[in-house]
Each structure stands twice: as C-alpha cells, then as structure tokens.
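Participant: Using only what follows, build the 3D model:
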Amino acid sequence: MSRIYETKIQLGGIQGMNIDDVKIKVREVYRGRIEGCVLCDRKRGLVRRHGLNLCRQCFRDKATELGFKKYD
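Facilitator: Predicted coordinates for the structure are as follows:
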C-alpha cells in the first residue's frame, strides 16, 4: 500500500538559490516524492530534474538565479 505522510521542507532549499523570505512549509510526500512546487505549491508542470521540484512558471522566474542560461 502507498503511504502518504507530511514532512517539513525548507522553502527555497535549493543550493545556491538566494531567496529573501525563507519559510518552512509542511509538504505532502507520496512515495518519497514531493507533491507540488516548493515555492507556489502548484501540482502540474513540475521540473523534478536535479531535485529542483519547481513548477515551470517558478523555474522560468528563478532560472537565472539558479545559474541556467537562455539559448536561442
């Protein structure tokens, strides 16, 4: 059976990311995966690669702070 339990995760816990307001949220974890975006809690369009756990909108806003470059 699947387990659903709650865990505390630090908001903006991505290494190298400078966010002024660091908050602690209670997040729902399903089978070891975080459900929803770390910043805005959206459930769809998640970028989980490299442990980012951001939705595509938040990823687009924070990509330059994370060190990603835009190529044509």
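Participant: can you give me the helices for the protein?
Facilitator: 56-66 (DSSP state H).
Participant: lowest confidence element among the helices and strands of it?
Facilitator: Scoring the helices and strands of the chain by mean pLDDT, DSSP states H and E places strand 4-10 at the bottom, with a mean of 50.
Participant: quick one: low-confidence ranges for the chain?
Facilitator: Within the chain, the segments meeting pLDDT under 70 span 1-32, 34.
Participant: repeat that with 80
Facilitator: Scanning the chain for pLDDT under 80 picks out the ranges 1-35, 72.
Participant: quick one, strands of it?
Facilitator: Taking DSSP state E as the criterion, the chain carries its strands at 4-10, 24-30, 33-34, 46-47, 54-55.
Participant: same for the fourth one, what does it pack against?
Facilitator: Translated: strand 46-47. Counting by 3 or more Cβ pairs under 8 Å, 6 or more residues apart in numbering; DSSP states H and E, the packing neighbours recorded for strand 46-47 are strand 54-55, helix 56-66. All C-beta spots, glycine's among them, are computed from the backbone N, C-alpha and C.
Participant: Any idea how many residues pack against the residue nearest to Arg33 when sequence neighbours are not counted?
Facilitator: Using Cβ to Cβ, 6 or more residues apart in numbering and skipping residues adjacent in sequence, the residue nearest Arg33 is Arg48, 7.5 Å away. For Arg48, the count of nearby residues is 10 (other Cβ atoms under 10 Å).
Participant: any idea how far Arg48 lies from Asp72?
Facilitator: 26 Å (Cβ to Cβ, to the nearest Å).
Participant: Ok, Leu54 next?
Facilitator: Counting by Cβ to Cβ, the gap from Leu54 to Asp72 is 23 Å.
Participant: neighbour count winner among the two?
Facilitator: Leu54 (24 against 2).
Participant: Who are the contact partners of the more buried one?
Facilitator: By Cβ atoms under 8 Å, 6 or more residues apart in numbering, the contact list for Leu54 reads Ile14, Cys37, Val38, Leu39, Leu46, Val47, Lys62.
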